[in-house]
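Novice: structure of the sequence below:
(one chain, ligands or ions: 1)
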Amino acid sequence: MTQKIRPLLAGNWKMNGTRDSLTEIKAIADAIGEAQAEKVEALLCPPATLLYVATALCDDSPLAIGAQDCHQHRAGAHTGDISAEMIADCFGTYVIVGHSERRRDHGDSSELVRAKAEAAHAAGLTAIICVGETAEERQSGHTIDVLKRQIEASVPRGSTADDTVIAYEPVWAIGTGLVPQEEEIAAAHAFMRADLVARLGRTGKNMRLLYGGSANPANAAVLIGIDNVNGLLVGGASLKSVDFIAIYNAYLKHTA
Ligand SMILES: O=C[C@H](O)COP(=O)(O)O
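Specialist: All right, here's what the predicted structure looks like:
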């Protein structure tokens, strides 16, 4: 049976944010009540330097806090990395893996992304696994092939709708102000839904599929109304509490 999917609004701060920015996190945490969060889950992924203090700030709020990447191993000689266990130890509950900026800047392959997602699951975290095509891949008509390949290689076989979220982020839409046509997003999400159902059965029906790429308060209402879009992964517009809260309120309105 397909259950009602609780949407997820996730903010990814990327390499932005210092202690001064904690006021933004606090403002978001204060704006979201338990009753609202039952309708639309909210998550912020600040840089690792703010993780622990951010979870402490959100102690009385349903705002979830997550990290932007994790190492595939539990511990060891990996200078500069953090493990999924460390994220859980800081009371983080989510981790983004396979973001295109990690794939581009650090050469994360889909196989490595799967190992990271498995590490996240082992630590009790929910993994947000990012997939998406480049501009060249879209122009050459390979969008669906790319999504198929990335999902096949990046999503662990035993994934569940509770421990895994898939984020469709066309690389060319990230931070550019460019957003795909509604039909293009709908087609990508319909493909991902069918592919996940074929791979995972009922789990695939209930897994949340986020859209990410230049989402903002002005276009959020349209994006969240697209079939099989169960949430947004927001970069730039998550840095200011007023923008993130505006998107969150648009989501609440949509679910009312
Ligand atoms: O993780 C977030 C995405 O990369 C989207 O970033 P953006 O909203 O700044 O385009």
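Novice: near the ligand, which residues of this structure?
Specialist: Contact residues (CB under 6 Å from any ligand atom) of the chain with the ligand: 12, 99, 169, 174-175, 212-215, 233-237. Where C-beta positions appear, they are placed from N, C-alpha and C, glycine not excepted.
Novice: how does it look with 8 Å?
Specialist: Contacts of the chain with the ligand, taken as CB under 8 Å from any ligand atom, map to 10, 12, 14, 96, 99-101, 130, 167, 169, 173-176, 212-216, 233-238.
Novice: for the spatially closest residue to residue 143 that is not a sequence neighbour, give me its contacts.
Specialist: Once flanking residues are discounted, residue 143 sits nearest to residue 133: 4.5 Å by CB to CB, 6 or more residues apart in numbering. Contact partners of residue 133, counting by CB atoms under 8 Å, 6 or more residues apart in numbering, are 142, 143, 146, 147, 170, 171, 172.
Novice: top of the residues you listed by neighbour count?
Specialist: residue 170 (28 neighbours; other CB atoms under 10 Å).
Novice: tally up the residues packed near the single nearest residue of the chain relative to the ligand, please.
Specialist: The nearest approach of the chain to the ligand comes at residue 235, 2.3 Å away (CB to the nearest ligand atom). Other residues lying near residue 235 total 23 when counted by other CB under 10 Å.
Novice: quickly list what the residue lying closest to it once chain neighbours are set aside is bridged to.
Specialist: Of all residues not flanking residue 235 in the chain, residue 12 sits nearest, at 5.3 Å (CB to CB, 6+ apart). On the basis of DSSP bridges, residue 12 is bridged to residue 45.
Novice: residue 130 against residue 167, yeah?
Specialist: Yes: applying CB atoms under 8 Å as the test, residue 130 and residue 167 come out as touching, 4.6 Å apart.
Novice: mutual contacts of the two, please.
Specialist: In contact with both residue 130 and residue 167: 96, 212, 233, using CB under 8 Å, 6+ apart.
Novice: out of those, who's nearest residue 181?
Specialist: Nearest to residue 181 among the shared contacts of residue 130 and residue 167 is residue 212, at 16.0 Å by CB to CB.
Novice: gap between that closest one and residue 90?
Specialist: Per CB to CB, to the nearest Å, residue 212 is found 24 Å from residue 90.
Novice: who has more neighbours out of those two?
Specialist: Legend: neighbour count by other CB under 10 Å for residue 212 and residue 90, higher for residue 212 (25 against 18).
Novice: which residue sits closest to the more buried one, ignoring its sequence neighbours?
Specialist: Of all residues not flanking residue 212 in the chain, residue 233 sits nearest, at 3.3 Å (CB to CB, 6+ apart).
Novice: so how far is residue 152 from that neighbour?
Specialist: Distance, residue 233 to residue 152, by CB to CB: 21 Å.
Novice: quick one, which of these two is more surrounded?
Specialist: Taking other CB under 10 Å, residue 233 and residue 152 do not tie; residue 233 has more neighbours (26 against 12).
Novice: let's verify the nearest residue to residue 98 once chain neighbours are set aside: helix, strand, or coil?
Specialist: The shortest distance from residue 98 to any non-neighbouring residue, by CB to CB, 6+ apart, is to residue 113 (3.6 Å). Assigned with DSSP: H, G, I helix; E, B strand; the rest coil, residue 113 falls in the helix class.
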